[in-house]
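[1] What follows is a predicted structure for the sequence shown.
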Amino acid sequence: KTQLALRYCGNARSRSIYDCIFWIDASTRASTVRGMEEVSEELNVNSQVLLDSDARIAFARRKLAANSLKWLLVFDNYDDPAAFDLRDYIPGSLHGNVLITSRSTDAERIGPMVSISGMTESEAIQLLFKQLDILDDGTNQVAAAEIVRRLGCLPLAIDQAGAYMKAECLPLIDFLSHYEQSARDILESVPSLWEYNEPVPKKAGEETADAVSKTGFTTWNLSFTLLNPSTPTGAMKVTILSLLAFFDEHEISEEYFEAYYSTHATAQRLECMSLFADGNQEWSSRKFDSVMREFSRLSLITSLSTQRKDTKYALVHLHPLVRDWINLRQDVDTHRANFATFTRLLAANLSLKLVEDSFEEYWLRMSTAEKCRLEKHVIPWMKVFRRYKFDLSPSLIYLEHDGRLTAFAAEQLISHVLADMEQCENGYEMSQWLWDAFDNTLDGQMLLIKLDAGNQEVTCLSRMQKHEEAKAKS
């Protein structure tokens, strides 16, 4: 948004649309005051004595309002409207113009808003080729398209990726495998001369230090700060955000959270789930929407669908880099604990149905859209599971039906999904892990889970055409 505003100012100057243009960093109240003081200094040609900041700001507003020249006043990065009211600094004038850049939709109350869409894939590829100084001759199109899709067509990240590939002499075709291993390094690295910067506030924002490089990793730091993570409610929102990042970024359904809420007693639920409870401690879609709208206002999610036309649940979409950023900022212990909760989230909806139906019956009755959503989320789940599987224990879910408790392992249900997705190698790996996890159990319900895991091993081996191994296993 800043680069777009700069380009507009450059074009306006070359065409002499305005007599004067003033640029103010509006990221904090302190920087806005300082910017207005600089405007006052420029306009104070008679060296009028102005005793303090209030006098200098009032002078600047008064001079601009009374001036017959055509002027443009740009307030850049007004991203936290809750911190201060920018209208206190805007002069009233019929011949002046004000341009505000902001990531917050709350700024719309000041004036008409123009929403800036992201780059198209074609535009993103052109930017990458320009950064790498290579011609768009068709030979690199496929690799470039995969890269920009993985980076969500975010201009800053694409610029960084290009600079990184140049510095490391990394071929286009090798970038994605390198990114999966070193995402933090890539998202934090910048060349020596980097045109994207942001101020660093000091002591509750009273002063501003020198600007630091803005990167794909720091882009959402302000949004995170605005969640107030040091407060109890803010900390719970951070946990919810962390859980969202384990899903595939597309079509994260409210249904998973509601099912988790319904299948866990109050004492067993994560505290953060109380954000979605009404006064009677029942699930509230309205409360869920409210939290997600806050994430949307802070650009932490890319879209939120609450129309519920094809489903009775809201659907959330994340930017792929937001997903990476959330996962990378968690320490190992927190990430592993959140992953265990995500496993329960993913399996909770399945367990609700399986009390009365077999998995095969339930799978057949699932709509194509439901299957697609679930399959998308199981794939990233498997990647993280492999990372932690030697440190994990089965996640048990107990449900009451006809007066008796039925036990399931969340991983047991996910292994069935993997098998039915034709992900038989993954399904076999999961079933084998479950079998070993219950090696010494004498509990009847745990033995049933172990037996189901063994049967799944045989089924997966058969589907993999490993009939001799399947026979030996059975």
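    Cool, the structure landed. These numbers were taken from a predicted model, which means no experiment stands behind them. Residues are numbered from 1 along each chain as shown.

[2] show me where the protein has strands.
    Ranges of strands within the chain are 20-25, 71-76, 96-100, 197-198, 201-202, 207-208, 212-213, 252-253, 303-305, 315-317, 396-401, 404-409, based on DSSP state E.

[3] how about the helices in the stretch 351-474 of the chain?
    With DSSP state H, counting those that start in this stretch as the criterion, the stretch 351-474 of the chain has helices at 359-365, 368-388, 410-420, 424-437, 444-463, 467-473.

[4] returning to what we had before: go through the strands of the chain and pick out the most buried.
    Highest mean neighbour count among those (mean count of other C-beta atoms under 10 Å): strand 252-253, with a mean of 24. Heads up, the C-betas are built off the backbone N, CA and C, glycines and all.

[5] And for it, what's in contact with it?
    Here strand 252-253 makes contact (C-beta atoms under 8 Å, 6 or more residues apart in numbering) with 244, 311, 313-318, 373, 377.

[6] Report how many residues lie close to Asp52.
    By other C-beta atoms under 10 Å, the residues close to Asp52 number 9.

[7] quick one on the thing from earlier: export the strands of the chain to a markdown table and append columns for distance to Phe438.
    Below are the strands of the chain laid out as a markdown table (distance: least, C-beta to C-beta, whole Å):
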| stretch | distance to Phe438 |
| --- | --- |
| strand 20-25 | 60 |
| strand 71-76 | 59 |
| strand 96-100 | 60 |
| strand 197-198 | 52 |
| strand 201-202 | 53 |
| strand 207-208 | 58 |
| strand 212-213 | 51 |
| strand 252-253 | 31 |
| strand 303-305 | 40 |
| strand 315-317 | 35 |
| strand 396-401 | 11 |
| strand 404-409 | 8 |
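
[8] what's the closest of these to Leu176?
    strand 315-317 (21.2 Å; C-beta to C-beta).

[9] if we can go back for a sec, need the strands of the chain in JSON lines (columns: mean pLDDT and distance to Gln281).
    Shown next, in JSON lines, are those (pLDDT from 0 to 100; distance: least, C-beta to C-beta, whole Å):
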{"stretch": "strand 20-25", "mean pLDDT": "92", "distance to Gln281": "46"}
{"stretch": "strand 71-76", "mean pLDDT": "93", "distance to Gln281": "44"}
{"stretch": "strand 96-100", "mean pLDDT": "92", "distance to Gln281": "42"}
{"stretch": "strand 197-198", "mean pLDDT": "58", "distance to Gln281": "42"}
{"stretch": "strand 201-202", "mean pLDDT": "49", "distance to Gln281": "39"}
{"stretch": "strand 207-208", "mean pLDDT": "48", "distance to Gln281": "45"}
{"stretch": "strand 212-213", "mean pLDDT": "58", "distance to Gln281": "45"}
{"stretch": "strand 252-253", "mean pLDDT": "92", "distance to Gln281": "22"}
{"stretch": "strand 303-305", "mean pLDDT": "87", "distance to Gln281": "24"}
{"stretch": "strand 315-317", "mean pLDDT": "92", "distance to Gln281": "23"}
{"stretch": "strand 396-401", "mean pLDDT": "74", "distance to Gln281": "18"}
{"stretch": "strand 404-409", "mean pLDDT": "78", "distance to Gln281": "22"}
